[in-house]
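Participant: here is my input, please return the structure:
(3 chains)
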Amino acid sequence: MAVLHTTNKSPLQTRDLESCLRLSRPGCGVLLIEDAVYGALAAGTIAATLAEAAGQRRIYVLGPDLAARGFTAEQLIPGVEVVDYGGFVDLAVEYHHVQAWV
Amino acid sequence: MSEKREGGAGQVKRFMFVNRKAPYGTIYALESLEVVLIGAAFDQDVSLVFLDDGVYQLKKGQRTQGIGQKNFSSTYRALADYDVEKLYVERESLEVRGLTVDDLLVPVQVLNSAELGELMERQDVVLAF
Amino acid sequence: MTSAVAVKGKELEVDEEGYLVNLGDWSEDVANVMAAEDSLALTENHWEVINFLRDYYAEYQVAPAIRVLTKAIGKKLGPEKGNSKYLYELFPYGPAKQACRYAGLPKPTGCI
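Facilitator: Modelled structure (predicted):
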């Protein structure tokens, strides 16, 4: 069963997201939390990084972190799913294990 | 700010606070803001710069109930009461993030990197967060 | 170390300087009890400042420093109230610090 990858740093400040996407395999899940949620926004030059990976992976964003930073689900790259804390727990159970890119 | 004292014990220096981190994920943004508010009591020539992820600090519409942290974005609107009125944002940082001044919650002056670099060079003290 | 203030039979947690730990614990009774402990009876003029501070905090998420408070009060309530003499007469322990405490707010940012 596939792995759920999590990352929590802004993709404009570290290369964690890039490494995560490069090493995560098709079929896995990628959950963006805390400052990593900026990586899922459709506007801006960074969007290309994730948009390309999104085709073969399920991409999730933690809703409370997105709202805290002043953005809404409509501003995300199409296909990105928003989950709440309960959804986070469900994902952790659903996937084989969780790998954190910190 | 021409009425500010020059010379003597009350020497006015140019202080610039450079904000480069997004809010909430780390403590830098809030720490910087608190230092600015406390420092305002000293009547110095203060300017704030927001660049790189720091521009996210000024994003409108922040709602933090879900993460259990204080929404300090409202406090940027009180800076004028503290006589902190020079807020600069780097144009390149906005563009990379797909943001415009309409996305920001306070009036700012947008400068390009070259202009901002020149402004930085003219400071007496630059504090980076 | 924390202590508490007793209001209507309930112990409300305060910090070492007497500021409420949980903003949500506040009621007008809290202000009255805190003032009574300082041997002060709150008048309409005190409440005007306390309410002003609560509104300011709700709007800006910050308890204003004395200089900011004085200026902002002046703007809203007029120059005869927006000066430190008037405010110190109401709150002799320091208008921003004392009034913020009664208002259930944290110690003002910028008060050293």
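Participant: number of nearby residues for the residue nearest to residue C:53 when sequence neighbours are not counted?
Facilitator: Closest residue in space to residue C:53, ignoring its immediate chain neighbours: residue C:103 at 4.4 Å, by C-beta to C-beta, 6 or more residues apart in numbering or on different chains. C-beta coordinates here come from the backbone N, C-alpha and C atoms, glycine included. Close neighbours of residue C:103, defined as other C-beta atoms under 10 Å in any protein chain shown, add up to 26.
Participant: can you check residue C:93 too?
Facilitator: 11.
Participant: how about residue A:25, what does it touch?
Facilitator: A:2-3 (C-beta atoms under 8 Å, 6 or more residues apart in numbering or on different chains).
Participant: now it: how far from chain C?
Facilitator: Note on residue A:25: its distance to chain C, by C-beta to the nearest C-beta, to the nearest Å, is 44 Å.
Participant: got it, and residue A:56?
Facilitator: In terms of C-beta to the nearest C-beta, residue A:56 sits 43 Å off from chain C.
Participant: what about residue A:44, how many neighbours?
Facilitator: For residue A:44, the tally of surrounding residues (other C-beta under 10 Å) stands at 17.
Participant: once you drop chain neighbours, what's closest to residue C:51?
Facilitator: Leaving out its chain neighbours, the residue that sits closest to residue C:51 by C-beta to C-beta, 6+ apart is residue C:103, at 7.9 Å.
Participant: for chain A, see how far away whichever residue of chain B sits closest to chain C is.
Facilitator: In chain B, the residue that lies nearest chain C is residue B:78 (3.9 Å; C-beta to the nearest C-beta). Note on residue B:78: its distance to chain A, by C-beta to the nearest C-beta, is 18 Å.
Participant: next one: residue B:116
Facilitator: On the measure of C-beta to the nearest C-beta, residue B:116 and chain A end up 17 Å apart.
Participant: just residue B:101 next, same as before
Facilitator: 14 Å.
Participant: ramachandran coordinates for that residue?
Facilitator: phi -60, psi -20 (degrees, to the nearest 10).
Participant: just checking, it touches residue B:110?
Facilitator: Yes. Counting by C-beta atoms under 8 Å, a contact exists between residue B:101 and residue B:110, whose distance comes to 6.2 Å.
Participant: which neighbours do the two have in common?
Facilitator: With C-beta under 8 Å, 6+ apart, residue B:101 and residue B:110 have common neighbours B:89, B:94.
Participant: just checking, the residue nearest to residue C:53 touches residue C:48?
Facilitator: No. At 11.5 Å, residue C:103 does not count as touching residue C:48 under the criterion of C-beta under 8 Å.
Participant: before we move on, the earlier item: report the contact partners of the residue nearest to residue C:51.
Facilitator: C:26, C:31, C:50-51, C:53-54, C:57.
Participant: what about 7 Å?
Facilitator: Going by C-beta atoms under 7 Å, 6 or more residues apart in numbering or on different chains, residue C:103 touches C:31, C:50, C:53-54.
Participant: in strands only, show me those residues.
Facilitator: Among those, no member falls in strands (DSSP state E).
Participant: let me know the closest of the residues you listed to chain B.
Facilitator: Distances from chain B to the contacts of residue C:103, taken by C-beta to the nearest C-beta, are shortest for residue C:53, at 12.6 Å.
Participant: whichever residue of chain C sits closest to chain B: neighbour count?
Facilitator: With C-beta to the nearest C-beta as the measure, residue C:60 is the residue of chain C nearest to chain B, at 3.9 Å. By the criterion of other C-beta under 10 Å, residue C:60 has 19 neighbours.
Participant: would you confirm that it contacts residue B:80?
Facilitator: No. Using C-beta atoms under 7 Å, residue C:60 is not in contact with residue B:80, being 10.4 Å away.
Participant: and the residue nearest to the spatial centre of chain B, which of the three is it?
Facilitator: Residue closest to the average C-alpha location in chain B (C-alpha atoms, centre = their mean): residue B:48, at 3.1 Å. Of the three states, residue B:48 takes strand according to DSSP: H, G, I helix; E, B strand; the rest coil.
Participant: show me what the longest helix along chain C is packed against.
Facilitator: Taking DSSP state H as the criterion, chain C has its longest helix at helix C:44-60. With contacts defined as 3 or more C-beta pairs under 7 Å, 6 or more residues apart in numbering or on different chains; DSSP states H and E, helix C:44-60 has these neighbours: helix C:66-77, helix C:84-90, helix C:95-102.
Participant: so which of those helices gets nearest residue C:13?
Facilitator: Across these, residue C:13 has its closest neighbour in helix C:95-102 (13.7 Å, C-beta to C-beta).
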